[in-house]
Every structure is written in C-alpha cells, then in structure tokens.
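[1] The sequence and its predicted three-dimensional model are supplied below.
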Amino acid sequence: MTLESHRPFIEDLYRELHASPELSNREHRTAARMAELLRETGFEVHEGVGESTGVVGVLRRGEGPTVLLRADMDALPVTEVEQVPYRSTATDVFEGQSTGVMHACGHDTHMAALQGALRVLADQDDWSGTILAVFQPAEETMVGALGMQAALRELFPEGVDVALGQHVMPGAAGEVRSAAGPVMAASDHLIVTVHGRGGHGSQPEKTIDPIVLAATMVVRLQTIVSREVAPSDRAVVTVGTFHAGTKQNIIPDSARFEINTRTFEEPVRRRILTAIERIVQGECQVAGAPPATITRGDIAPLTVNDEAAAARVGEAFDRVFGERHDVQQPLLGSEDFSYLADAWGAPYVYWMYGGFDPAIVAAARERGTFDADVPSNHSPDFIPVLQPTLDTATTAMVTAARAFLA
C-alpha cells in the first residue's frame, strides 16, 4: 500500500489528536491511542517507558540497522482561536490556573505523520533492519526524552544506529529543510525570587518594594544581548513570567520571574548566565535588599546533526523533494530530541517541514510581513493546513528511515 491509501487515516488521526490535546506528562489518553495504533500496525509495543507516559513500538525485519523514529506527544497551555472545525476546546489546570490546552507547537502533526510513516514502512517488503518508534512525552518541559534514556537502554541494550526526528515550522507546506551541524539552540531556564520587605502601599518608605526591584532587573536583563554579546553571536534572553502581589495597596514581600536563554556556543552561554547573576544581585545590593534566590530549571541541549547521517538524509530528500528541499538555518528554538540518541551515543538527524498555505507564505515574504502574517509556534493560531503538510511530513519520515534501512 502507498501513502495515498493511508492518507485518510493520517488526516483523521491528525484531526482527532488536534481536538484532544494533553499537557506534558499528562498524555495518558494520547499515549494509549499511540500504543493501540502501533499494535494495529503489527509492532511490538511497550507502554509507560521511562518516567512518564512514553510509548515504544518495535518492528523487526531481519538483519540490518536499528533506526529510531521519534514523535513528541505533549500540548501547551494555550487557548486555541476558533479557526477550524476540529479545534481544541480542552481545558486543564496549569501552575494553579485553569487554561485552554492546544497543540500549539504541531506535535499532533508529528504523531500523525509518524503513525502514517510506520504503516507505509510496514507495508513495504524491500527493506531489512529494526524500527524503534518512540512516542515521547514532555518535550515542552524538556524532561521527557531525558526521562526515557535509562528505560530505552534497558529495552535496547544493543543500541541504535541512528535517531531521526522532525518538526513543523512556520514555513510553506510542502517545504523540507535539513542541515548538518548545529540546527537548534541550547536553552537554560532560571527562576529568580526577589526578596523585599512588605508593607502598606501608602507607606513605601517603610518597605523594600520587590516589584519595582524585579521590574528594574527585567529591563536591565534586556541589555545583555544588545550590549554584552557580540552581534555575530546569536542569543536570546527572555523573561516569560512575572508574579508578585495579592492586592493593589499591599507591597509584597517577594516577586518571582522566570528567564529563558537560547545560545549556540558554550562561551556565550557562560557569559549570559554570569551577566544574569551579576545584574540580579547587583540590583538587590543597590536597593538594600537581601540577595535574590536564583534556581535552575529545565535545560535543553544544543541540537547538532551528525555530519555523515545528515548528508545521507539530505541526499535522499533531494531525490524525493527536489527544489522543495533546502538548507535549514540554525534556529534559536530548542529541543530535547538529542537526549534520545545520547542514551546510546548514537548519531542523529533532526529536520524541519513547513505547515502553512504556500500562497500566504509567499505573499507574506514578498511584502516583508512574514513574522506578522504567518503564525509562530506556541501561538493560539498555530494550526497547520492538513495538506500538503501531512503528506510531506509522512514522506520525509519514510524517506529518512529508508536512507538507513538495508
């Protein structure tokens, strides 16, 4: 059977997954569905792999290399805009607050495409080797792949020959981009708690206001990239959360904010982390406040595609996609995919595919309004078009796998 015969299944599965997202480490229904579909395709299935809801499917087809194919399963605490009939109306509690839940990073396309690719590969009888299909939880919190490492080594002590993964991006549907070397940035997460002295809002002179102090830090942190990092060194410092206070006339005892950084080189990373520490504690000293508490959160590794494996995938993509395959420039987004390959020290390749109407993307690029007109990952309107997105993602996964399977 061909991709065309499986297309209705892939599209229906995508709609189903898009309408029923689950947050990180809560992918119980999604994981059960992935396991059910793997069994239907003839895979040996392992559930609860690792520290959460990981699912692994194994298909052995004689002698040959072992190829790991990965899709992530978790969604985000984002309320989806009403745009498609299969939109998510799911809600959940995230960090103590009720929120909408949405596949705002396209993991629904990853799962649907991988399930479709597995069916296409299972139908083909001209390859040999072993397929290790991994449906991974908690990519968004950067702990899912790390939590599967030990269990994967126990399940497959002989290791894998290559790990393959992909991600949908705000580009034209039908396009595929790959490259050797660094393709996604490392990420650091810092939680800063500023300690002040609370009191009545009418008597600020008797307090040390942690809101004003923390706000000063947030502004100063924005100078790190613009004034302490060379223009040739790509980096990002973002303050993504800020929490303080309970009532408008009460100056609180503390304020808390979270920082996310993205870097491509270790010296730049160290410089940024050192600058954050200096700025935060320096502002505390100037204000006469106690030192702030800085704790480390989740860390994402640099994603560096293996040179030889990426060349093999790139050549296969050139043959199948032609001009629709291009070079992927490094992105400041981050991934935990490489932790899966690191379980055995195996080479890996991670590539991107577009998910939006090619005409809209082309017109936006022509007008210079791409960032405004094409939704970005994690936004409430990041809803890829079904086709040719799913056909492209499924074909890319089959093509990459076939580049290694004997």
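    Cool, the structure landed. Numbers count the residues shown, from 1 in each chain.
[2] residue ranges of the strands in the stretch 301-406 of the chain, please?
    Taking DSSP state E, counting those that start in this stretch, the strands of the stretch 301-406 of the chain run over residues 303-305, 325-327, 348-356.
[3] Check these for me and report the most buried one.
    Among the strands of the stretch 301-406 of the chain, ranked by average contacts under mean count of other Cβ atoms under 10 Å, first place goes to strand 348-356 (a mean of 26). The way it works is simple: take the backbone N, C-alpha and C, and place the C-beta from them, glycine included.
[4] I'd like to know which elements it is packed against.
    Contacts defined by 3 or more Cβ pairs under 8 Å, 6 or more residues apart in numbering; DSSP states H and E place strand 348-356 against strand 162-172, strand 176-178, strand 181-184, strand 303-305, helix 307-321, helix 338-342, helix 389-402.
[5] Report all helices and strands that the longest one contacts.
    With contacts defined as 3+ Cβ pairs under 8 Å, 6+ apart, the secondary structure elements packing on helix 307-321 are strand 176-178, strand 325-327, strand 348-356, helix 389-402.
[6] Also the fourth one?
    In terms of contacts (3+ Cβ pairs under 8 Å, 6+ apart), strand 303-305 is packed against strand 181-184, strand 348-356.
[7] mind checking which of the ones you listed is nearest residue 280?
    strand 181-184 (26.9 Å; Cβ to Cβ).
[8] Which is the succeeding secondary structure element to the closest one?
    Next helix or strand after strand 181-184 toward the C-terminus (DSSP states H and E): strand 186-195.
[9] Centre of the chain to the following helix or strand past that following strand, how far?
    Once the chain leaves strand 186-195, the next helix or strand it forms, by DSSP H and E, is strand 199-200. In this view, strand 199-200 has its centroid 42 Å away from the chain centroid, taken as Cα atoms, centre = their mean, to the nearest Å.
[10] related to what we said a few turns ago, can you lay out the helices and strands packed on strand 303-305 as JSON lines showing mean pLDDT and distance to residue 281?
    Listed next are the helices and strands packed on strand 303-305 as JSON lines, based on pLDDT from 0 to 100; distance: least, Cβ to Cβ, whole Å:
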{"stretch": "strand 181-184", "mean pLDDT": "96", "distance to residue 281": "31"}
{"stretch": "strand 348-356", "mean pLDDT": "98", "distance to residue 281": "37"}
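[11] I'd like to know which of the ones you listed lies nearest to residue 269.
    strand 181-184 (12.8 Å).
[12] give me the number of residues near residue 322?
    8 (other Cβ atoms under 10 Å).
[13] actually residue 366, sorry about that
    9.
[14] With distance to residue 3 as added columns, please give the strands of the stretch 301-406 of the chain in a markdown table.
    A markdown table is the format used below for the strands of the stretch 301-406 of the chain (distance: least, Cβ to Cβ, whole Å):
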| stretch | distance to residue 3 |
| --- | --- |
| strand 303-305 | 25 |
| strand 325-327 | 17 |
| strand 348-356 | 15 |
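[15] Looking at those strands, spot the one closest to residue 334.
    Per Cβ to Cβ, nearest to residue 334 of these: strand 303-305, 7.5 Å.
[16] What strands line up against that closest one, and which way round?
    Using DSSP bridges, strand 303-305 pairs in its sheet with strand 181-184 (antiparallel).
[17] For the partner strand, buried residues please.
    Judged by neighbour count using 16 or more other Cβ atoms under 10 Å, the buried positions of strand 181-184 are 183-184.
[18] Next, the residues that contact that strand from outside, please.
    When contacts are defined by Cβ atoms under 8 Å, 6 or more residues apart in numbering, strand 181-184 is touched by residues 264, 302-305, 307, 310, 328, 330-335, 350-351.
[19] Could you single out the nearest of these to residue 378?
    For those, the nearest to residue 378 is residue 333 (9.5 Å; Cβ to Cβ).
[20] which residue packs closest to the closest one, ignoring adjacent ones?
    residue 184 (5.6 Å; Cβ to Cβ, 6 or more residues apart in numbering).
[21] I'd like to know how far the one you found sits from residue 334.
    6 Å (Cβ to Cβ, to the nearest Å).
[22] Could you do residue 313 as well?
    21 Å.
[23] The two: which has the busier surroundings?
    Of the pair residue 313 and residue 334, residue 313 is the one with more neighbours under other Cβ under 10 Å, namely 28 against 24.
[24] so that one makes contact with residue 349?
    Yes: using Cβ atoms under 8 Å, residue 313 makes contact with residue 349 at a distance of 4.8 Å.
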